[in-house]
Structures are given as structure tokens and as C-alpha cells.
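[1] My questions concern the predicted model and sequence given below.
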Amino acid sequence: MSRWRISRGQAIDLQDWALEESGTKELLSKLPELPKKGKIKPGLYVSYEIDPSELDGGID
């Protein structure tokens, strides 16, 4: 386990904080979320999915 590993809950909290502080939360809330199933129509979507492999604390 990496010294800098964070939990999924901490990652969600950090994501919420970053969206709020950057002022993008209001803008992104107006966009539809990327559907997980079915056909996707062309357009602009937002996804708040957190990739578990990114929680290891490694430097990319």
C-alpha cells in the first residue's frame, strides 16, 4: 500500500471540494451525465466516475 493512498470516499469528497472551489460545479451540473448503458447521442456529457487505479497515490 502506498503512503499516499486515499479511500474512495476521500476521493469523492476531494472531487466535490475541487468542483466547488473552482466554480465549475454550477456549470457542470447543467450538463447531462454520461449514460452507463444504452445508445449515446452525440453531445457534451460530464462523468464524475473515479477510476480506482488512480487512488494508489502514484505520480503520473
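    Sure, I can see it.

[2] Report the central residue of this protein.
    Centrality entry for the chain: nearest residue to the mean C-alpha point is Y48, 3.3 Å, by C-alpha atoms, centre = their mean.

[3] Could you report the neighbour count for the residue lying closest to that one once chain neighbours are set aside?
    Once flanking residues are discounted, Y48 sits nearest to Q15: 6.7 Å by C-beta to C-beta, 6 or more residues apart in numbering. Glycine gets a C-beta too; all of them are placed from N, C-alpha and C. Here the number of neighbours of Q15 (other C-beta atoms under 10 Å) works out to 13.

[4] before we move on, what about L34?
    Neighbour count for L34, taken as other C-beta under 10 Å: 13.

[5] tell me the contacts of it?
    40, 45-47, 49 (C-beta atoms under 8 Å, 6 or more residues apart in numbering).

[6] Please render these as CSV that adds distance to S29 and pLDDT to the earlier fields.
    As requested, these are exported to CSV (distance: C-beta to C-beta, whole Å; pLDDT from 0 to 100):
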residue, distance to S29, pLDDT
I40, 20, 87
Y45, 13, 89
V46, 8, 87
S47, 13, 85
E49, 16, 86
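
[7] If you count neighbours, what's buried in the biggest helix by length in the chain?
    Counting residues, the longest helix found in the chain (DSSP state H) is helix 8-22. By 16 or more other C-beta atoms under 10 Å, the buried positions in helix 8-22 come out as L19.

[8] I'd like the contacts of L34 written out as CSV, with neighbour count added.
    Output for the contacts of L34, formatted as CSV (neighbours: other C-beta atoms under 10 Å):
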residue, neighbour count
I40, 10
Y45, 12
V46, 13
S47, 11
E49, 8
